[in-house]
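Asks: Provide a 3D model corresponding to the input given below.
(one chain, ligands or ions: 1)
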Amino acid sequence: MTYDAVFVSDVHLGTNRCNTKKFLDFLDNLDTKKLVFVGDIFDVYCIEKYHTKWEKEHTKALHKIFSLVKSGVEVVYILGNHEGELRRYTDFKHKNFLMCNEYTYKTKSGTKYLCIHGDSCSEFSSGSWKQLCFNKGYEIITPLSMWLSKLFKFSLVYFLKNTINGKKYIAQYENDLVKYCVRRKGYDGIICGHIHHANKLDFDKVTYMCCGDFVDTCSAIVEKNGKFELMYY
Ligand SMILES: [Mn+2]
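Replies: Here you go, the predicted structure:
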């Protein structure tokens with residue numbers, strides 16, 4: 001099946017958080033007219049700040065993305081908070097490639113979705129102390145989480161997300177983004193990333209969708225004829 005659009009976020013290439021094997025598989029089997037990256041695909045921030053390792057597999061992903069562009073797939077690259085260094089190319093467009101901070105996606109049936117990474121729309125936005133704590137915490141627990149899952153098949157991140165505080169944090173973020181989408185007026189929904197928690201929720205006025213990530217959940221949002229679906233790989 002050829003999708004009208006596929007949305008993916010938070011791959012974090014350039015760090016060992018990235019599930020590169022699954023991401024490469026995902027790109028290999030991708031059949032879509034449009035591919036929308038919803039932020040934090042290349043983790044420029046962690047490479048520079050924490051000297052995380054750029055692996056051969058990450059270069060493979062880079063080649064695959066470029067060959068998708070070359071083959072004519074419309075590729076939209078929305079920048080995330082780990083890609084600040086690339087912001088100087090905001091609104092750069094060449095043929096079927098566009099780099100931007102946010103993007104309006106229109107379905108064939110005429111509905112309109114605001115696509116944005118999401119860090120700038122929530123109380124936990126970049127720079128606030130809450131996000132600082134969260135990001136630091138995430139960076140610290142991720143290696144530990146990978147080690148635990150390797151040895152004991154236990155997912156620490158999944159566990160933490162399911163604690164009362166984890167759930168509260170996620171619900172707060174989802175609410176903030178829905179409010180932001182309503183404030184922007186004229187949208188049927190919002191498609192975001194950032195929180196690494198794949199979800200599709202119908203609210204009164206708008207639909208909330210988060211792509212998830214290619215770290216733990218390995219998920220994406222696919223769309224055909226105005227119908228959106230969450231996919232796990
Ligand atoms: Mn992010």
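
Asks: drop to CA atoms for contacts and neighbour counts, all remaining ones
Replies: Will do.

Asks: Would you confirm that residue 14 contacts residue 45?
Replies: No. If you go by Cα atoms under 8 Å, residue 14 and residue 45 don't touch, sitting 9.5 Å apart.

Asks: Which one's more surrounded, those two?
Replies: More crowded of residue 14 and residue 45, by other Cα atoms under 10 Å: residue 14, with 25 against 19.

Asks: ok, now which ones touch that one?
Replies: 42-44, 46-47, 52-55, 58 (Cα atoms under 8 Å, 6 or more residues apart in numbering).

Asks: Could you list which of these belong to helices?
Replies: Applying DSSP state H to the contacts of residue 14, the entries found in helices are 44, 46-47, 58.

Asks: Dump those to JSON lines, plus pLDDT, distance to residue 190 and neighbour count.
Replies: Shown next, in JSON lines, are those (pLDDT from 0 to 100; distance: Cα to Cα, whole Å; neighbours: other Cα atoms under 10 Å):
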{"residue": "44", "pLDDT": "93", "distance to residue 190": "25", "neighbour count": "22"}
{"residue": "46", "pLDDT": "84", "distance to residue 190": "27", "neighbour count": "18"}
{"residue": "47", "pLDDT": "88", "distance to residue 190": "29", "neighbour count": "17"}
{"residue": "58", "pLDDT": "97", "distance to residue 190": "29", "neighbour count": "21"}
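
Asks: Kindly reformat the residues you listed as a markdown table and extend each row with distance to residue 169.
Replies: A markdown table is the format used below for the ones in helices among the contacts of residue 14 (distance: Cα to Cα, whole Å):
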| residue | distance to residue 169 |
| --- | --- |
| 44 | 25 |
| 46 | 23 |
| 47 | 27 |
| 58 | 31 |
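
Asks: now, among the residues you listed, which is nearest to residue 1?
Replies: residue 58 (27.0 Å; Cα to Cα).

Asks: List the contacts of the closest one.
Replies: Contacts of residue 58 (Cα under 8 Å, 6+ apart): 13-14, 20.
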